[in-house]
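Undergrad: whatever this is, show me its structure:
(one chain, ligands or ions: 1)
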Amino acid sequence: MTEVEPSYTTRPLTADTWDDFAALVEANNGVWGGCWCMGFHPEGVGQGRTPTGNRAAKRAHVDAGTVHQTLVYDGDVCVGWCQYGSPVELPNIKNPAAYAKGSVDPPAWRIGCIFTGSRHRGTGVARAAVAATLDAIKEAGGGIVEAYPEQVADRGPQRGAYFHTGPETLFEDFGFTRQRQIAKWRWVMRLDVVP
Ligand SMILES: CC(C)(COP(=O)(O)OP(=O)(O)OC[C@H]1O[C@@H](n2cnc3c(N)ncnc32)[C@H](O)[C@@H]1OP(=O)(O)O)[C@@H](O)C(=O)NCCC(=O)NCCS
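TA: From the prediction side, this is the model:
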């Protein structure tokens, strides 16, 4: 029997798709215990933040139009996402001090967190999410896109759970190249998306 790759579709996170996104987050315990994908947004997560507050903050960004997020669907079910946005929309990257030290011209866009529901991992959801995100960026005028993925090579096998910002190999496949290292296993990678 021939194995057929699942064919995923994508839609942006908006008020219309909020319920689909919320169902995925809720099915995964709020994601990291309730971050609701708020870590890169200006409010951040952590001390003083609650899962309920994070959910409300995310919804408020959706209503204000200050979210760029590609949702991936298997049929009618949202199974993953890729968050992106301008540095103003997503100011809170990991390793900010190391990043600031070697800071060069800011990118037009950055890719924040990537997530695939636990039952759909390893089936191309993240790949579909990044592909659609780069298409959307191209449509929106293109420019330099930064990602902050985890190194995969020369390292033991890692569970997907540790790759909040995605694996480096995924971004390499789309043409991103290493710009500089900001943590033992994390790199700034860049791609110039031509509109
Ligand atoms: C990392 C993660 C996004 C990968 O998603 P995925 O849908 O399973 O990835 P894909 O199937 O599209 O894989 C694309 C490529 O990524 C790489 N990859 C994916 N998972 C990997 C892993 N565990 N180790 C090494 N490389 C991996 C491979 O290069 C793969 O390409 P290949 O299948 O041709 O080898 C997923 O494991 C995940 O969601 N982890 C949790 C991250 C998280 O908590 N995010 C929220 C942060 S707030």
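Undergrad: ranges for the helices of the chain?
TA: For the chain, helices defined by DSSP state H occupy the ranges 18-27, 51-64, 96-101, 125-139, 168-173.
Undergrad: of those, flag the one that's most buried.
TA: Each of those was scored by mean neighbour count; the highest is helix 125-139, a mean of 20, by mean count of other CB atoms under 10 Å. Bear in mind the C-beta positions are built from the backbone N, C-alpha and C, glycine included.
Undergrad: picking up where we left off before, hey, least reliable of the helices of the chain by pLDDT?
TA: With a mean of 93, helix 96-101 has the lowest mean pLDDT of those.
Undergrad: excluding residues flanking it in the chain, which one is nearest Pro195?
TA: Residue nearest to Pro195 in three dimensions, not counting chain neighbours: Gly142, with 3.9 Å by CB to CB, 6 or more residues apart in numbering.
Undergrad: correct me, but that neighbour touches Leu191?
TA: No. Gly142 is not in contact with Leu191 according to CB atoms under 8 Å; the separation is 9.8 Å.
Undergrad: the more surrounded of these two?
TA: Neighbours per residue (other CB atoms under 10 Å) separate Gly142 from Leu191, with Leu191 holding more: 21 against 16.
Undergrad: tell me the pLDDT of the residue nearest to the more buried one when sequence neighbours are not counted.
TA: Leaving aside its chain neighbours, Leu191 sits nearest to Phe176 (4.5 Å; criterion: CB to CB, 6+ apart). pLDDT, Phe176: 98.
Undergrad: check contacts around Phe176.
TA: Neighbour list for Phe176: 145, 147, 189-191 [criterion: CB atoms under 8 Å, 6 or more residues apart in numbering].
Undergrad: cutoff 10 Å now
TA: 111, 130, 134, 145-147, 149, 166, 168, 170, 187-192 (CB atoms under 10 Å, 6 or more residues apart in numbering).
Undergrad: just those that are near the ligand?
TA: 166, 170 (CB under 6 Å from any ligand atom).
Undergrad: ok, so of the contacts of Phe176, who is nearest Ser7?
TA: Of all the contacts of Phe176, Ser7 sits closest to Val130, with 16.3 Å by CB to CB.
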